[in-house]
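After the sequence you'll find the predicted model.
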Amino acid sequence: MKSKQIIALGLMALLATIIYYSISSGESPEEYAATILKEREEKNLFLKNDNASPFNIDSTIKFTALNYFAPELKYKVSANLIPIKSKKVVVLPTSDGIEKKYLEYAYAEFKLEGKENKLLILEVMDAGPYRGTLFLAFADETSADETYGAGRYVDLKKTPGATTILIDFNKAYNPYCAYSDGFTCPFPPKENVLPIAIKAGEKKYHN
């Protein structure tokens, strides 16, 4: 093999490494998994002990540790943001039949499990501290089987002017209505029912 070819292959390998660690924030798979597991432990403690926990608000439900898929870096994806020029109000049905309004924000496009996927990101319209924050609810082929049937949520960070957004499905979580009927939870928009299995994040809750 010629020296120029060897150099080119080396540069390609270096570029792939840089891209991988830029997406994973420089963490190794082991370090990343440890961070996710620590966050899950902290959430279990909150749900067990905090007065704001749905398990303490509704004393009829008993808390046991939440169920999760094992953390995998491939489910931490950098998605391209596709702007929506003429943004419309989206009305989502909820678990208690009361509709909830959001504003279209952008589409997030990414490749996962060998398929091109697209999710609609919404913006909270309600007055209050969460106004203007992003809302992402999705369902996938695990829904109603391994995961909560009405979909899961992922928290997103809004960065003005950004052309990409990080979606970490390892942090996908159940809405409170997955634990108790006393809470209102919006369902995912029809655009956000993915044709793949997202085996990441929180599973069904079992009493």
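Okay, I see it. Residues are numbered from 1 along each chain as shown.

Show me the helices in this protein, by range?
Secondary structure of the chain (DSSP state H): helices located at 3-23, 29-49, 54-57.

Identify the residues contacting the residue nearest to the spatial centre of the chain.
Nearest to the mean C-alpha position of the chain, by Cα atoms, centre = their mean, lies residue 154 at 2.7 Å. By Cβ atoms under 8 Å, 6 or more residues apart in numbering, the residues touching residue 154 are 136, 138, 167-169, 171-173, 201. All C-beta atoms are positioned from the backbone trio N, CA, C, and that covers glycine.

Try it again at 7 Å.
If you count contacts by Cβ atoms under 7 Å, 6 or more residues apart in numbering, residue 154 has them with 136, 167-169, 171-172.

again with residue 37
Taking Cβ under 7 Å, 6+ apart, we find residue 37 in contact with residue 71.

so where is this protein shaky, pLDDT-wise?
Residue ranges of the chain with pLDDT under 70: 1-26, 207.

Break down it into its strands, ranges please.
Using DSSP state E, the strands assigned to the chain run over residues 76-83, 89-92, 100-112, 115-124, 134-138, 152-154, 164-168.

Which of these sits closest to residue 179?
Residue 179 lies closest to strand 152-154 among the strands of the chain, at 13.0 Å (Cβ to Cβ).

Give the bridge partners for the residue nearest to the centre of the chain, please.
Beta-bridge pairing for residue 154 (DSSP bridges): residue 136.

ok so, going back, turn the strands of the chain into a markdown table, columns for distance to residue 179.
Shown next, in a markdown table, are the strands of the chain (distance: least, Cβ to Cβ, whole Å):
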| stretch | distance to residue 179 |
| --- | --- |
| strand 76-83 | 26 |
| strand 89-92 | 20 |
| strand 100-112 | 19 |
| strand 115-124 | 22 |
| strand 134-138 | 16 |
| strand 152-154 | 13 |
| strand 164-168 | 22 |
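
Ok, which of those strands comes nearest residue 54?
Ranking the strands of the chain by their distance to residue 54 (criterion: Cβ to Cβ) puts strand 152-154 first, at 14.2 Å.

Distance from the chain centre to the closest one, please.
5 Å (Cα atoms, centre = their mean, to the nearest Å).

circling back to that earlier point, return the distance of the residue nearest to the centre of the chain relative to residue 63.
The gap separating residue 154 from residue 63 is 23 Å, by Cβ to Cβ, to the nearest Å.

Would you agree residue 96 is in contact with residue 184?
Yes - counting by Cβ atoms under 7 Å, residue 96 touches residue 184, with 4.9 Å between them.

Comparing the two, which shows the higher neighbour count?
Comparing residue 96 with residue 184 by other Cβ atoms under 10 Å, the one with more neighbours is residue 184, at 14 against 11.

Angles on the backbone of the more buried one, please.
Per-residue torsions, residue 184: phi -100, psi 130 (degrees, to the nearest 10).
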